[in-house]
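Asks: got a predicted model here, sequence first, then my questions.
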Amino acid sequence: METRAGDPGAFARFDLTRVDSPAFVVDAAALRRNLGILAEVRDRSGITLLAALKAFSMWRVAPLINEYLDGVCTSGLWEARLASEHYTGEIATYCAGYKADDLAEICRLSDHVIFNSPAQIARFGDVLKTAREQGHRFDVGLRINPQYATGEVPRYDPCAPHSRLGYPIEQLTEADLDGVSGIHFHTLCEQDLEPLKHTWDALRPHLQPWFGRLQWLNFGGGHHITRADYQRGELIEFLKSVKAETGCEIYLEPGEAVALDAGILVGTVLDVQNNGMPVAVTDISATCHMPDVIEAPYRPAMLGERDGDDEAVRLGGPSCLAGDVIGDYRLPVACEPGARFAFLDQAHYSMVKTTTFNGVPLPSIWLWDSETDALECIRSFSYADFRDRLS
(Lines give C-alpha, C1' and ligand atoms only; values in the text may rest on other atoms or scores of the structure.)
Protein backbone atom coordinates (compact mmCIF):
# COMPACT_ATOMS: atom_id res chain seq x y z
CA MET A 1 0.00 0.00 0.00
CA GLU A 2 1.47 3.35 -1.04
CA THR A 3 0.97 6.23 1.38
CA ARG A 4 -0.26 9.39 -0.31
CA ALA A 5 0.39 11.60 2.69
CA GLY A 6 3.66 12.71 4.22
CA ASP A 7 3.87 16.47 3.73
CA PRO A 8 6.29 17.61 6.46
CA GLY A 9 4.67 21.02 6.76
CA ALA A 10 5.96 22.89 9.81
CA PHE A 11 7.60 19.72 11.13
CA ALA A 12 10.44 20.43 8.70
CA ARG A 13 11.70 22.97 11.24
CA PHE A 14 10.82 21.10 14.44
CA ASP A 15 13.76 20.21 16.70
CA LEU A 16 13.32 16.50 17.42
CA THR A 17 15.38 16.74 20.60
CA ARG A 18 12.69 18.88 22.25
CA VAL A 19 10.71 15.75 23.10
CA ASP A 20 11.56 12.39 24.60
CA SER A 21 11.68 9.23 22.50
CA PRO A 22 9.61 7.58 21.26
CA ALA A 23 7.00 10.33 21.07
CA PHE A 24 4.00 11.36 19.04
CA VAL A 25 3.95 15.09 18.31
CA VAL A 26 0.69 16.58 17.02
CA ASP A 27 0.59 20.06 15.47
CA ALA A 28 -2.52 21.98 16.53
CA ALA A 29 -2.08 24.40 13.63
CA ALA A 30 -2.19 21.51 11.15
CA LEU A 31 -5.36 20.24 12.82
CA ARG A 32 -6.94 23.69 12.47
CA ARG A 33 -6.04 23.71 8.79
CA ASN A 34 -7.66 20.31 8.21
CA LEU A 35 -10.73 21.15 10.26
CA GLY A 36 -11.17 24.43 8.40
CA ILE A 37 -11.14 22.58 5.07
CA LEU A 38 -13.68 20.05 6.34
CA ALA A 39 -15.94 22.77 7.72
CA GLU A 40 -15.85 24.60 4.40
CA VAL A 41 -16.87 21.44 2.53
CA ARG A 42 -19.66 20.91 5.06
CA ASP A 43 -20.95 24.48 4.77
CA ARG A 44 -20.81 24.68 0.98
CA SER A 45 -22.46 21.30 0.44
CA GLY A 46 -25.05 21.56 3.22
CA ILE A 47 -24.22 18.22 4.81
CA THR A 48 -23.40 17.03 8.33
CA LEU A 49 -19.80 16.15 9.06
CA LEU A 50 -18.65 13.97 11.98
CA ALA A 51 -15.12 13.11 13.11
CA ALA A 52 -14.33 9.40 13.40
CA LEU A 53 -12.91 8.69 16.85
CA LYS A 54 -11.66 5.29 15.70
CA ALA A 55 -8.99 7.10 13.67
CA PHE A 56 -8.11 9.96 16.00
CA SER A 57 -9.37 10.07 19.57
CA MET A 58 -6.90 12.47 21.18
CA TRP A 59 -9.58 14.02 23.36
CA ARG A 60 -7.27 16.79 24.56
CA VAL A 61 -7.98 18.51 21.23
CA ALA A 62 -11.74 17.83 21.42
CA PRO A 63 -12.46 21.54 22.07
CA LEU A 64 -10.74 22.35 18.78
CA ILE A 65 -12.73 19.73 16.87
CA ASN A 66 -15.92 20.95 18.54
CA GLU A 67 -15.34 24.42 17.06
CA TYR A 68 -15.48 23.13 13.50
CA LEU A 69 -17.44 19.89 13.13
CA ASP A 70 -20.96 18.66 13.91
CA GLY A 71 -20.04 15.83 16.26
CA VAL A 72 -18.33 12.45 16.20
CA CYS A 73 -18.95 8.87 15.18
CA THR A 74 -18.05 6.03 17.51
CA SER A 75 -17.54 2.28 17.26
CA GLY A 76 -19.06 1.02 20.49
CA LEU A 77 -19.74 1.79 24.12
CA TRP A 78 -16.32 3.01 25.24
CA GLU A 79 -15.93 5.43 22.33
CA ALA A 80 -19.50 6.61 22.88
CA ARG A 81 -18.65 7.33 26.53
CA LEU A 82 -15.55 9.25 25.46
CA ALA A 83 -17.64 11.22 22.99
CA SER A 84 -20.25 12.12 25.61
CA GLU A 85 -17.56 13.28 28.04
CA HIS A 86 -15.45 15.44 25.74
CA TYR A 87 -17.18 16.18 22.44
CA THR A 88 -20.23 18.21 21.50
CA GLY A 89 -22.81 17.76 18.78
CA GLU A 90 -24.20 14.54 17.39
CA ILE A 91 -22.96 11.07 18.29
CA ALA A 92 -23.44 8.32 15.71
CA THR A 93 -22.54 4.83 16.93
CA TYR A 94 -21.99 1.84 14.69
CA CYS A 95 -20.75 -1.55 15.86
CA ALA A 96 -20.54 -4.75 13.84
CA GLY A 97 -21.94 -6.66 16.80
CA TYR A 98 -23.61 -5.13 19.84
CA LYS A 99 -23.81 -6.79 23.24
CA ALA A 100 -27.14 -6.59 25.02
CA ASP A 101 -25.44 -5.35 28.19
CA ASP A 102 -23.95 -2.37 26.30
CA LEU A 103 -26.82 -1.36 24.07
CA ALA A 104 -29.02 0.40 26.63
CA GLU A 105 -26.23 2.85 27.47
CA ILE A 106 -25.33 3.28 23.82
CA CYS A 107 -28.94 4.28 23.15
CA ARG A 108 -28.75 6.80 25.98
CA LEU A 109 -25.53 8.36 24.66
CA SER A 110 -26.13 8.28 20.90
CA ASP A 111 -28.25 10.22 18.45
CA HIS A 112 -27.94 7.47 15.84
CA VAL A 113 -27.55 3.77 16.64
CA ILE A 114 -26.46 1.96 13.50
CA PHE A 115 -26.75 -1.82 13.20
CA ASN A 116 -24.90 -4.25 10.99
CA SER A 117 -27.92 -6.35 10.01
CA PRO A 118 -31.73 -6.33 10.17
CA ALA A 119 -31.51 -9.42 12.38
CA GLN A 120 -29.72 -7.44 15.08
CA ILE A 121 -32.34 -4.72 14.96
CA ALA A 122 -35.10 -7.28 15.40
CA ARG A 123 -33.25 -9.14 18.14
CA PHE A 124 -32.78 -5.97 20.20
CA GLY A 125 -36.24 -4.57 19.57
CA ASP A 126 -37.19 -4.74 23.25
CA VAL A 127 -34.01 -2.91 24.27
CA LEU A 128 -34.71 -0.13 21.78
CA LYS A 129 -38.32 0.13 22.90
CA THR A 130 -37.38 0.33 26.57
CA ALA A 131 -34.75 2.98 25.89
CA ARG A 132 -37.30 5.15 24.10
CA GLU A 133 -39.83 4.66 26.89
CA GLN A 134 -37.15 5.96 29.26
CA GLY A 135 -36.98 9.16 27.24
CA HIS A 136 -33.82 8.53 25.23
CA ARG A 137 -34.01 10.10 21.79
CA PHE A 138 -32.19 8.31 18.99
CA ASP A 139 -32.91 6.89 15.60
CA VAL A 140 -31.88 3.56 14.08
CA GLY A 141 -29.66 3.10 11.07
CA LEU A 142 -28.63 0.08 9.03
CA ARG A 143 -25.17 -0.39 7.57
CA ILE A 144 -25.28 -1.94 4.14
CA ASN A 145 -22.54 -3.53 2.07
CA PRO A 146 -22.61 -2.05 -1.45
CA GLN A 147 -20.85 -5.18 -2.75
CA TYR A 148 -18.71 -2.89 -4.87
CA ALA A 149 -15.01 -3.19 -4.02
CA THR A 150 -12.71 -0.22 -4.62
CA GLY A 151 -9.97 -0.78 -2.04
CA GLU A 152 -6.32 -1.35 -2.77
CA VAL A 153 -5.87 -3.83 0.10
CA PRO A 154 -8.61 -6.46 0.74
CA ARG A 155 -7.91 -6.40 4.49
CA TYR A 156 -9.03 -2.75 4.53
CA ASP A 157 -11.88 -3.13 2.04
CA PRO A 158 -15.31 -3.67 3.66
CA CYS A 159 -16.57 -4.85 0.27
CA ALA A 160 -14.04 -7.65 -0.06
CA PRO A 161 -15.61 -11.08 -0.69
CA HIS A 162 -17.37 -12.58 2.34
CA SER A 163 -17.02 -9.36 4.34
CA ARG A 164 -18.79 -9.29 7.71
CA LEU A 165 -19.27 -5.49 7.51
CA GLY A 166 -22.71 -4.39 6.42
CA TYR A 167 -25.85 -6.08 5.12
CA PRO A 168 -25.44 -7.13 1.45
CA ILE A 169 -27.34 -4.58 -0.60
CA GLU A 170 -28.71 -7.24 -2.94
CA GLN A 171 -30.56 -8.79 0.02
CA LEU A 172 -32.21 -5.56 1.19
CA THR A 173 -36.02 -5.63 1.24
CA GLU A 174 -38.71 -3.24 2.38
CA ALA A 175 -39.23 -5.27 5.54
CA ASP A 176 -35.56 -4.78 6.45
CA LEU A 177 -36.15 -1.03 6.68
CA ASP A 178 -38.96 -1.26 9.22
CA GLY A 179 -38.06 1.26 11.92
CA VAL A 180 -34.89 2.33 10.09
CA SER A 181 -34.29 6.05 9.58
CA GLY A 182 -31.07 5.95 7.61
CA ILE A 183 -28.61 3.92 5.61
CA HIS A 184 -24.90 3.83 6.37
CA PHE A 185 -22.11 2.56 4.16
CA HIS A 186 -18.35 2.82 4.53
CA THR A 187 -16.19 1.48 1.72
CA LEU A 188 -13.19 3.78 1.24
CA CYS A 189 -9.67 3.87 2.67
CA GLU A 190 -7.61 7.03 2.02
CA GLN A 191 -9.26 7.44 -1.39
CA ASP A 192 -10.34 10.16 -3.81
CA LEU A 193 -13.77 11.18 -5.03
CA GLU A 194 -14.07 8.80 -7.98
CA PRO A 195 -14.38 5.60 -5.89
CA LEU A 196 -17.14 7.27 -3.87
CA LYS A 197 -19.02 8.30 -7.02
CA HIS A 198 -18.70 4.83 -8.50
CA THR A 199 -19.92 3.26 -5.27
CA TRP A 200 -22.94 5.58 -5.26
CA ASP A 201 -23.67 4.71 -8.90
CA ALA A 202 -23.74 1.03 -7.90
CA LEU A 203 -25.93 1.70 -4.84
CA ARG A 204 -28.38 4.19 -6.28
CA PRO A 205 -30.65 1.72 -8.14
CA HIS A 206 -31.02 -0.37 -4.98
CA LEU A 207 -31.87 2.58 -2.72
CA GLN A 208 -33.96 4.66 -5.11
CA PRO A 209 -37.28 3.03 -4.10
CA TRP A 210 -36.79 4.38 -0.55
CA PHE A 211 -35.57 7.90 -1.31
CA GLY A 212 -38.80 9.39 0.02
CA ARG A 213 -38.74 7.21 3.11
CA LEU A 214 -35.15 7.48 4.35
CA GLN A 215 -34.21 10.49 6.46
CA TRP A 216 -30.44 10.30 6.11
CA LEU A 217 -27.61 8.65 4.22
CA ASN A 218 -24.21 8.25 5.84
CA PHE A 219 -21.31 7.83 3.41
CA GLY A 220 -18.87 6.81 6.14
CA GLY A 221 -15.18 7.70 6.09
CA GLY A 222 -12.02 7.02 4.14
CA HIS A 223 -12.35 10.29 2.19
CA HIS A 224 -8.95 12.00 1.84
CA ILE A 225 -10.64 15.39 1.69
CA THR A 226 -7.84 17.40 3.28
CA ARG A 227 -5.12 16.14 0.97
CA ALA A 228 -3.91 18.95 -1.30
CA ASP A 229 -4.94 17.28 -4.57
CA TYR A 230 -8.36 16.00 -3.45
CA GLN A 231 -11.20 17.11 -5.76
CA ARG A 232 -13.06 19.16 -3.14
CA GLY A 233 -15.03 21.31 -5.55
CA GLU A 234 -16.37 18.25 -7.33
CA LEU A 235 -17.14 16.59 -3.99
CA ILE A 236 -19.25 19.56 -2.94
CA GLU A 237 -21.28 19.46 -6.15
CA PHE A 238 -21.67 15.69 -5.87
CA LEU A 239 -22.97 15.90 -2.29
CA LYS A 240 -25.38 18.68 -3.19
CA SER A 241 -26.78 16.65 -6.06
CA VAL A 242 -27.24 13.51 -3.94
CA LYS A 243 -28.95 15.53 -1.22
CA ALA A 244 -31.31 17.16 -3.74
CA GLU A 245 -32.15 13.87 -5.46
CA THR A 246 -32.71 11.77 -2.34
CA GLY A 247 -34.22 14.37 0.00
CA CYS A 248 -31.95 12.94 2.71
CA GLU A 249 -29.56 14.59 5.10
CA ILE A 250 -26.08 13.48 4.01
CA TYR A 251 -23.38 12.54 6.52
CA LEU A 252 -19.64 12.10 6.09
CA GLU A 253 -17.41 10.60 8.79
CA PRO A 254 -13.79 11.45 7.95
CA GLY A 255 -11.14 9.96 10.20
CA GLU A 256 -7.67 10.31 8.76
CA ALA A 257 -8.70 13.55 7.00
CA VAL A 258 -9.05 15.22 10.41
CA ALA A 259 -5.44 14.54 11.40
CA LEU A 260 -3.80 14.10 7.98
CA ASP A 261 -0.16 15.22 8.09
CA ALA A 262 -0.77 16.66 11.56
CA GLY A 263 1.54 14.41 13.56
CA ILE A 264 4.93 12.74 13.60
CA LEU A 265 6.42 9.83 15.53
CA VAL A 266 9.88 10.64 16.84
CA GLY A 267 12.37 7.83 17.44
CA THR A 268 15.98 7.11 18.26
CA VAL A 269 18.55 4.71 16.82
CA LEU A 270 19.63 2.27 19.55
CA ASP A 271 22.15 0.08 17.74
CA VAL A 272 23.59 -0.49 14.26
CA GLN A 273 25.15 -3.59 12.71
CA ASN A 274 25.71 -5.03 9.25
CA ASN A 275 24.03 -8.20 8.03
CA GLY A 276 24.40 -7.94 4.28
CA MET A 277 23.26 -4.33 4.61
CA PRO A 278 23.22 -1.79 7.45
CA VAL A 279 20.58 -2.74 10.01
CA ALA A 280 19.49 -0.46 12.84
CA VAL A 281 17.42 -1.22 15.92
CA THR A 282 15.26 1.71 17.02
CA ASP A 283 12.96 2.50 19.92
CA ILE A 284 10.06 2.67 17.45
CA SER A 285 8.41 -0.70 16.91
CA ALA A 286 6.30 -1.37 13.84
CA THR A 287 4.25 -4.00 15.63
CA CYS A 288 3.75 -1.92 18.80
CA HIS A 289 3.58 1.64 17.48
CA MET A 290 2.71 1.50 13.75
CA PRO A 291 0.95 -1.84 13.19
CA ASP A 292 -0.44 -0.79 9.80
CA VAL A 293 3.15 -0.94 8.53
CA ILE A 294 2.89 -4.70 8.90
CA GLU A 295 -0.82 -5.20 8.37
CA ALA A 296 -1.26 -3.20 5.14
CA PRO A 297 1.71 -3.31 4.57
CA TYR A 298 2.99 0.18 3.80
CA ARG A 299 6.17 2.24 4.07
CA PRO A 300 5.72 5.37 6.19
CA ALA A 301 7.39 8.53 4.93
CA MET A 302 10.39 9.75 6.90
CA LEU A 303 10.95 13.38 7.81
CA GLY A 304 13.86 14.69 5.74
CA GLU A 305 14.80 11.37 4.15
CA ARG A 306 17.70 11.80 1.72
CA ASP A 307 17.49 11.03 -1.98
CA GLY A 308 20.33 9.65 -4.00
CA ASP A 309 22.48 6.57 -4.17
CA ASP A 310 23.53 6.39 -0.52
CA GLU A 311 23.17 2.95 0.98
CA ALA A 312 19.86 2.45 2.75
CA VAL A 313 19.57 1.29 6.34
CA ARG A 314 16.96 -1.26 7.39
CA LEU A 315 15.10 0.03 10.45
CA GLY A 316 13.36 -2.27 12.89
CA GLY A 317 11.99 -2.22 16.40
CA PRO A 318 13.26 -3.58 19.71
CA SER A 319 10.68 -6.36 20.04
CA CYS A 320 11.38 -10.08 19.60
CA LEU A 321 9.14 -10.32 16.52
CA ALA A 322 11.36 -11.10 13.53
CA GLY A 323 8.94 -9.21 11.31
CA ASP A 324 9.16 -6.02 13.40
CA VAL A 325 10.68 -4.20 10.43
CA ILE A 326 9.70 -0.67 9.43
CA GLY A 327 11.55 -0.47 6.12
CA ASP A 328 14.72 0.65 4.35
CA TYR A 329 15.62 4.34 4.67
CA ARG A 330 18.33 6.88 3.94
CA LEU A 331 18.30 8.84 7.18
CA PRO A 332 18.81 12.61 7.12
CA VAL A 333 21.50 12.20 9.81
CA ALA A 334 24.31 9.75 10.38
CA CYS A 335 22.83 6.40 11.37
CA GLU A 336 24.48 5.84 14.72
CA PRO A 337 23.28 5.17 18.26
CA GLY A 338 21.51 8.22 19.65
CA ALA A 339 20.49 9.62 16.26
CA ARG A 340 16.97 11.10 16.18
CA PHE A 341 14.56 10.70 13.27
CA ALA A 342 10.80 10.90 12.71
CA PHE A 343 8.08 9.36 10.59
CA LEU A 344 5.45 11.61 9.03
CA ASP A 345 1.65 11.42 9.15
CA GLN A 346 1.38 9.36 12.33
CA ALA A 347 -1.41 11.20 14.20
CA HIS A 348 -4.26 9.10 12.80
CA TYR A 349 -4.61 5.36 13.43
CA SER A 350 -1.03 4.83 14.70
CA MET A 351 -1.82 6.57 18.01
CA VAL A 352 -5.00 4.58 18.64
CA LYS A 353 -3.44 1.20 17.73
CA THR A 354 -0.38 1.18 19.98
CA THR A 355 0.29 -1.84 22.21
CA THR A 356 2.79 -2.86 24.89
CA PHE A 357 3.65 -6.22 23.35
CA ASN A 358 6.99 -7.46 24.69
CA GLY A 359 6.88 -4.72 27.31
CA VAL A 360 7.88 -2.15 24.68
CA PRO A 361 7.11 1.31 26.13
CA LEU A 362 4.33 3.39 24.64
CA PRO A 363 5.31 6.67 22.96
CA SER A 364 4.55 9.82 24.91
CA ILE A 365 2.07 12.27 23.40
CA TRP A 366 2.94 15.93 22.80
CA LEU A 367 0.90 18.84 21.47
CA TRP A 368 2.78 21.49 19.51
CA ASP A 369 1.39 24.63 17.90
CA SER A 370 3.59 25.51 14.96
CA GLU A 371 2.10 29.00 14.85
CA THR A 372 3.07 29.89 18.43
CA ASP A 373 5.79 27.25 19.02
CA ALA A 374 4.04 26.27 22.26
CA LEU A 375 4.91 22.67 23.18
CA GLU A 376 3.24 20.59 25.89
CA CYS A 377 3.58 16.98 26.99
CA ILE A 378 -0.01 15.74 27.13
CA ARG A 379 0.70 12.22 28.35
CA SER A 380 3.69 10.06 29.18
CA PHE A 381 3.50 6.38 30.03
CA SER A 382 5.26 4.37 32.69
CA TYR A 383 5.79 0.76 33.71
CA ALA A 384 2.53 1.00 35.69
CA ASP A 385 0.56 1.46 32.46
CA PHE A 386 2.00 -1.82 31.19
CA ARG A 387 1.58 -3.64 34.51
CA ASP A 388 -1.96 -2.52 35.21
CA ARG A 389 -3.42 -3.80 31.94
CA LEU A 390 -2.32 -7.30 32.88
CA SER A 391 -3.38 -9.57 35.72
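Replies: Done, it's in.
Asks: past the longest strand belonging to the chain, which element shows up next along the chain?
Replies: Scanning the chain for the longest strand, with DSSP state E as the assignment, gives strand 263-274. Downstream of strand 263-274, the first helix or strand assigned by DSSP states H and E is strand 278-282.
Asks: buried sites along that next one?
Replies: Residues 278-282 are the ones in strand 278-282 that count as buried (16 or more other CB atoms under 10 Å). Quick note: C-beta positions are derived from backbone N, CA and C, even for glycine.
Asks: can you list those residues in CSV and add pLDDT and distance to residue 105?
Replies: CSV is the format used below for the buried residues of strand 278-282 (pLDDT from 0 to 100; distance: CB to CB, whole Å):
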residue, pLDDT, distance to residue 105
278, 97, 53
279, 98, 49
280, 98, 47
281, 98, 44
282, 98, 41
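Asks: nearest to residue 115 among those?
Replies: The nearest member of these to residue 115, counting by CB to CB, is residue 282 at 43.0 Å.
Asks: what's the burial count for residue 314?
Replies: 16 (other CB atoms under 10 Å).
Asks: OK, contacts around the spatially most central residue of the chain?
Replies: Nearest to the mean C-alpha position of the chain, counting by CA atoms, centre = their mean, stands residue 55 at 2.3 Å. Taking CB atoms under 8 Å, 6 or more residues apart in numbering, we find residue 55 in contact with 221, 255-256, 258-259, 348-349, 352.
Asks: in strands, which of those appear?
Replies: Among the contacts of residue 55, no member falls in strands (DSSP E).
Asks: now restrict those residues to buried residues only.
Replies: Buried, going by 16+ other CB under 10 Å: 221, 255-256, 258-259, 348-349, out of the contacts of residue 55.
Asks: most widely separated two among the residues you listed?
Replies: Largest pairwise distance in those, by CB to CB, is 12.1 Å, between 221 and 259.
Asks: nearest to residue 107, of the buried residues of strand 278-282?
Replies: Scanning the buried residues of strand 278-282 for proximity to residue 107, where the rule is CB to CB, the winner is residue 282, at 45.4 Å.
Asks: and that closest one, how close does it get to residue 148?
Replies: 40 Å (CB to CB, to the nearest Å).
Asks: before we move on, what about residue 164?
Replies: In terms of CB to CB, residue 164 sits 17 Å off from residue 148.
Asks: who's more crowded, the two?
Replies: Neighbour count, other CB under 10 Å: between residue 164 and residue 148, residue 148 has more, with 16 against 10.
Asks: which SS class is the closest residue to that one other than its chain neighbours?
Replies: Sequence neighbours aside, residue 202 is the residue nearest to residue 148 in space, at 4.1 Å (criterion: CB to CB, 6 or more residues apart in numbering). Secondary structure assignment for residue 202 (DSSP: H, G, I helix; E, B strand; the rest coil): helix.
Asks: so that it lines up with my notes, have the first residue be 26 from now on.
Replies: All set: I'll call the first residue 26, so the last point we hit is now residue 227.
Asks: just give the number of residues close to residue 227.
Replies: With other CB under 10 Å as criterion, residue 227 counts 16.
Asks: break the protein down into its structural domains.
Replies: 34-50+287-412, 71-283 (automatic domain parsing).
Asks: now the ones you listed in a markdown table, with distance to residue 63?
Replies: A markdown table is the format used below for the domains of the chain (distance: least, CB to CB, whole Å):
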| stretch | distance to residue 63 |
| --- | --- |
| domain 34-50+287-412 | 12 |
| domain 71-283 | 6 |
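Asks: out of the ones you listed, which is closest to residue 60?
Replies: Between the domains of the chain, domain 71-283 lies closest to residue 60; by CB to CB that is 3.8 Å.
Asks: contact partners of stretch 158-166?
Replies: Under CB under 8 Å, 6+ apart, the answer for stretch 158-166 is 117, 119, 132-133, 135-140, 146, 153, 156-157, 204-209, 240-241, 243.
Asks: 6 Å instead, please
Replies: Here stretch 158-166 makes contact (CB atoms under 6 Å, 6 or more residues apart in numbering) with 132-133, 135-139, 204-207, 209.
Asks: how about the strands in the stretch 176-325 of the chain?
Replies: Listed in chain order, the strands of the stretch 176-325 of the chain (DSSP state E, counting those that start in this stretch) span 192-193, 207-209, 241-243, 274-277, 288-299, 303-307.
Asks: which of the ones you listed is buried the deepest?
Replies: strand 207-209 (a mean of 24; mean count of other CB atoms under 10 Å).
Asks: ok, that one: who's next to it in the sheet?
Replies: Paired strands of strand 207-209, with direction, are strand 164-170 (parallel), strand 241-243 (parallel) (DSSP bridges).
Asks: these: which one's closest to residue 395?
Replies: strand 241-243 (33.2 Å).
Asks: for that closest one, the distance to its chain's centre please.
Replies: 19 Å (CA atoms, centre = their mean, to the nearest Å).
Asks: give the buried residues for stretch 193-210.
Replies: So, applying 16+ other CB under 10 Å, buried residues of stretch 193-210: 194, 197, 201-202, 205-210.
Asks: what about residue 135, how many neighbours?
Replies: 26.
Asks: SS state for the nearest residue to it once chain neighbours are set aside?
Replies: Using CB to CB, 6+ apart and skipping the chain neighbours, the partner closest in space to residue 135 is residue 118 (4.3 Å). Going by three-state DSSP, the secondary structure assigned to residue 118 is strand.
Asks: hmm, back to that, show me the contacts of stretch 158-166 that map onto helices.
Replies: 132-133 (DSSP state H).
Asks: re the thing from before, can you put the strands paired with strand 207-209 in a markdown table and add mean pLDDT and distance to residue 365?
Replies: Formatted as a markdown table, the strands paired with strand 207-209 follow (pLDDT from 0 to 100; distance: least, CB to CB, whole Å):
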| stretch | mean pLDDT | distance to residue 365 |
| --- | --- | --- |
| strand 164-170 | 98 | 43 |
| strand 241-243 | 98 | 42 |
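Asks: which one of these lies nearest to residue 56?
Replies: strand 241-243 (23.3 Å).
Asks: what pLDDT does residue 214 get?
Replies: With respect to pLDDT, residue 214 has a value of 87.
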